[in-house]
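Asker: prediction below, plus the sequence it came from.
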Amino acid sequence: MGEIPEFTTRPELAGTFGMVASTHWLASAAGLAVLEHGGNAFDAAAAAGLVLQVVEPHLNGLGGEVPVIAHHAGRGETFVLCGQGTAPAAATPEAFAGLGLDLVPGSGLLAACVPGAFGAWMLLLREYGTLRLRDVMGYAIGYAARGYPLLPAISWGIASVAELFRDHWPGSAEVYLPDGHLPAPGSLFANPALAATYQRILDQAEAASHDRDEQIEAARRVYYEGFVAETIAAYVASTEVMDVTGEPHRGLLSYADLAGWHPRLEEPLTYEAGGLTVCKTKPWGQGPVFLQQLALLEGFDLTAMGPGTADYIHTVTECGKLAFADREAWYGDPDFTDVPVKALLSAGYAGVRRRLAGPEASAELRPGDPDGRTPRLPDFITGAAAGSGDDGRVAPSLDVAPPAPRLDPGTGEPTMRTAGPGRKGPDRKGPDRKGPDRKAASSYRAGDTCHLDVADRFGNMVSATPSGGWLQSSPVIPGLGFCLGTRAQMFTLTPGLPATLAPGKRPRTTLTPSLALRDREPYLAFGTPGGDQQDQWSLLFFLNHVKFGMNLQQAIDFPSFHSAHMPSSFYPRVAQPRVLDVESRVGASVIEELRRRGHLVNVRPAWSLGRVSAVARRNGVLYAAANPRGMQGYAVGR
């Protein structure tokens with residue numbers, strides 16, 4: 001597959017007024033409505049982000065988090081807004097060891113960090129937006145109160161945990177199983193409790209002041225210091241909740257954790273590639289792995305290989321394995337650990353590492369030694385792991401392949417979500433790890449988290465990846481209508497590593513929006529849901545566009561692939577060495593050659609991998625495109 005098809009599933013949109021692309025058409029439409037109302041890209045992003053919390057509750061929520069990368073044209077400023085909350089003060093490796101746990105569970109209350117999304121949207125709105133709070137929050141309030149057409153994936157997600165809701169999470173059952181019944185796909189679904197929470201925040205903020213900025217700051221305080229924080233803290237302190245361990249636990253998050261947290265603005269980490277300055281988060285996110293892959297690939301003639309060829313897929317995959325191995329050894333919150341980012345992105349280091357990308361698929365996880373440092377890996381990586389392809393082949397170092405990881409449907413980022421009742425999920429030490437006694441799921445449905453991009457007529461641009469607090473992960477808090485996130489599962493409990501759990505520390509998240517500048521002006525904002533796949537799928541899009549000249553929609557539509565070789569960032573942290581997922585559209589000859597090179601190939605449906613959306617600006621024209629995969633993302637603009 002080396003040819004670039006002229007046909008695309010949707011047109012690449014072009015205009016001069018404004019563009020919004022996101023993972024749900026209602027959020028995109030709300031963002032454009034805000035632009036039409038006179039708002040800028042930051043107003044539109046905040047409105048779209050809040051709408052996503054309502055209309056994609058299986059993928060994110062008001063208790064989740066969001067990183068944002070944006071450019072403010074008037075100030076000439078490119079910035080990262082960190083809406084990733086920190087670990088509670090009581091969250092220590094010793095606390096989990098005392099519970100007999102060697103991994104942070106992927107569901108329930110123990111994995112909750114401070115919810116960062118609402119605070120981040122408020123900071124973005126106050127510092128860079130122009131509209132009043134009511135004009136931005138009204139869309140989310142309206143959909144929560146009056147309802148929205150339920151996506152089939154939401155109904156599937158609720159079905160996957162309906163038994164858990166009925167047996168153990170009554171607050172979730174009250175919201176998502178109204179009158180005890182599963183809401184049907186396409187039915188009008190409302191969340192009155194969530195609508196009341198938004199409305200009460202708005203009412204109290206408007207009562208506090210008539211000034212726009214003071215109202216927005218008051219809304220933030222209502223959430224983190226007022227009734228929202230008080231309700232969260234009281235629930236966590238008093239309620240034992242069933243999680244994937246098969247036993248109920250209280251959470252660790254407190255009122256003081258919420259009241260003491262603030263979103264923060266940071267400079268982005270940058271790398272020059274293809275005449276563009278690519279901007280990512282610092283290593284509290286996995287963003288630098290995108291830049292490391294670019295550095296490694298600079299030594300290969302990708303243009304000569306051609307997109308979608310076996311040579312190309314093999315080379316990108318093997319370089320990705322090296323970058324992600326460094327992620328496991330070196331990435332963590334730079335407030336707590338000295339991450340050798342400069343060395344990791346240096347040409348010399350990339351040159352040394354690049355030589356490890358050989359002609360055969362590697363089965364090893366091989367972090368490097370930047371600045372001569374010796375890498376260490378978490379304990380969960382050193383355990384047995386295996387991968388297998390759909391032709392039955394397994395890694396040669398293992399006699400047999402164990403069954404696929406048995407995931408509770410509430411664990412992890414819902415990149416692959418069970419369609420039926422939940423599976424048992426191991427989490428405890430010892431040979432007899434048991435999870436909740438529920439029926440095994442018979443199949444998987446594709447899912448993901450959320451993403452949005454906005455460009456306006458003023459030259460501003462925003463890329464954001466909201467996630468966390470999805471309905472499968474944690475019980476709905478009574479009276480609030482939303483649940484907490486489980487991002488702390490990304491910490492390791494192995495002592496002394498960059499990603500080791502510590503109070504007040506940010507987990508090394510997978511959320512990774514992207515923004516590229518050309519001559520210091522915003523050129524491209526893009527990203528995708530998908531956990532560990534995010535900086536693989538978005539890399540393919542970027543290379544398709546920058547290296548091979550595809551327009552935004554062609555770059556999104558082109559057949560996709562990703563590696564499952566690296567340890568998952570989500571519970572139960574399993575790696576699948578040499579496993580490579582490819583869309584069937586890459587072609588039989590390419591698949592056969594990849595298998596010959598040692599990749600354990602799983603052929604996935606033709607339109608199943610990736611959820612990239614993007615906006616761009618060049619020569620005074622704005623562009624946008626969104627992914628047909630999943631049948632819910634959309635770009636709008638004029």
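Answerer: Everything's here; your move.
Asker: low-scoring stretches of the protein, by residue?
Answerer: 1-2, 382-387, 394-448 (pLDDT under 70).
Asker: which one in it is furthest away from the centre?
Answerer: When each C-alpha in the chain is compared with the mean C-alpha position (C-alpha atoms, centre = their mean), His210 comes out farthest, at 36.0 Å.
Asker: quick one: buried residues of stretch 104-113?
Answerer: Using 16 or more other C-beta atoms under 10 Å as the test for burial, stretch 104-113 gives Val104, Pro105, Gly106, Ser107, Gly108, Leu109, Leu110, Ala111, Ala112, Cys113. C-beta coordinates here come from the backbone N, C-alpha and C atoms, glycine included.
Asker: contacting residues around the second one?
Answerer: Pointing back at Pro105 there. Neighbouring residues of Pro105 by C-beta atoms under 8 Å, 6 or more residues apart in numbering: Ala111, Asp243, Val244, Thr245, His249, Thr411, Asp427, Thr486, Gln489, Tyr571.
Asker: close enough to count as contact, the third one and Leu110?
Answerer: So that's Val244. No. Val244 is not in contact with Leu110 according to C-beta atoms under 8 Å; the separation is 9.7 Å.
Asker: for the stretch 501-638 of the chain, which segments count as strands?
Answerer: Along the stretch 501-638 of the chain, the segments classed as strands by DSSP state E, counting those that start in this stretch run 514-518, 521-527, 561-563, 579-583, 600-604, 613-618, 621-625, 634-637.
Asker: output the ones you listed as TSV; include the columns distance to Gly308 and mean neighbour count.
Answerer: Putting the strands of the stretch 501-638 of the chain into TSV (distance: least, C-beta to C-beta, whole Å; neighbours: other C-beta atoms under 10 Å) gives the following:
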stretch	distance to Gly308	mean neighbour count
strand 514-518	21	24
strand 521-527	19	25
strand 561-563	9	25
strand 579-583	10	23
strand 600-604	14	21
strand 613-618	19	25
strand 621-625	18	23
strand 634-637	23	24
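Asker: need those strands in JSON lines (columns: distance to Glu36).
Answerer: Putting the strands of the stretch 501-638 of the chain into JSON lines (distance: least, C-beta to C-beta, whole Å) gives the following:
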{"stretch": "strand 514-518", "distance to Glu36": "24"}
{"stretch": "strand 521-527", "distance to Glu36": "20"}
{"stretch": "strand 561-563", "distance to Glu36": "37"}
{"stretch": "strand 579-583", "distance to Glu36": "36"}
{"stretch": "strand 600-604", "distance to Glu36": "39"}
{"stretch": "strand 613-618", "distance to Glu36": "16"}
{"stretch": "strand 621-625", "distance to Glu36": "14"}
{"stretch": "strand 634-637", "distance to Glu36": "11"}
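Asker: out of these, flag the one nearest Ala162.
Answerer: Closest of those to Ala162 is strand 600-604, at 27.0 Å (criterion: C-beta to C-beta).
Asker: contacts for the closest one next, please.
Answerer: Under C-beta under 8 Å, 6+ apart, the answer for strand 600-604 is 361, 387-391, 393-395, 576-584, 591, 594-595.
Asker: repeat that with 10 Å
Answerer: Contacts made with strand 600-604 from outside it, assessed by C-beta atoms under 10 Å, 6 or more residues apart in numbering, are listed as 313, 361, 363, 386-395, 401, 446, 560-562, 564-565, 576-586, 588, 590-595.
Asker: got a markdown table for the contacts of Pro105, with distance to Leu188 too?
Answerer: What follows is those, written out as a markdown table (distance: C-beta to C-beta, whole Å):
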| residue | distance to Leu188 |
| --- | --- |
| Ala111 | 32 |
| Asp243 | 32 |
| Val244 | 32 |
| Thr245 | 37 |
| His249 | 36 |
| Thr411 | 30 |
| Asp427 | 38 |
| Thr486 | 29 |
| Gln489 | 34 |
| Tyr571 | 34 |
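Asker: where helices are concerned, which of those residues count?
Answerer: Of the contacts of Pro105, none are assigned to helices by DSSP state H.
Asker: now, which of these sits nearest Tyr139?
Answerer: Nearest to Tyr139, judged by C-beta to C-beta, of the contacts of Pro105 is Thr486 at 26.8 Å.
Asker: for the longest helix seen in the chain, the distance to its chain's centre please.
Answerer: Of all the segments of type helix in the chain, defined by DSSP H, the longest one is helix 310-330. Its chain's C-alpha centre lies 19 Å from the corresponding centre of helix 310-330 when counted by C-alpha atoms, centre = their mean, to the nearest Å.
Asker: which strands and helices sit next to whichever helix or strand comes after that helix?
Answerer: On the C-terminal side of helix 310-330, the closest following helix or strand by DSSP states H and E is helix 341-344. With contacts taken as 3 or more C-beta pairs under 10 Å, 6 or more residues apart in numbering; DSSP states H and E, helix 341-344 sits against helix 288-297, helix 310-330, helix 347-354.
Asker: output the ones you listed as a markdown table; include the columns distance to Cys450 and mean neighbour count.
Answerer: Putting the helices and strands packed on helix 341-344 into a markdown table (distance: least, C-beta to C-beta, whole Å; neighbours: other C-beta under 10 Å) gives the following:
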| stretch | distance to Cys450 | mean neighbour count |
| --- | --- | --- |
| helix 288-297 | 19 | 25 |
| helix 310-330 | 22 | 24 |
| helix 347-354 | 32 | 16 |
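Asker: okay then, goodbye and thanks.
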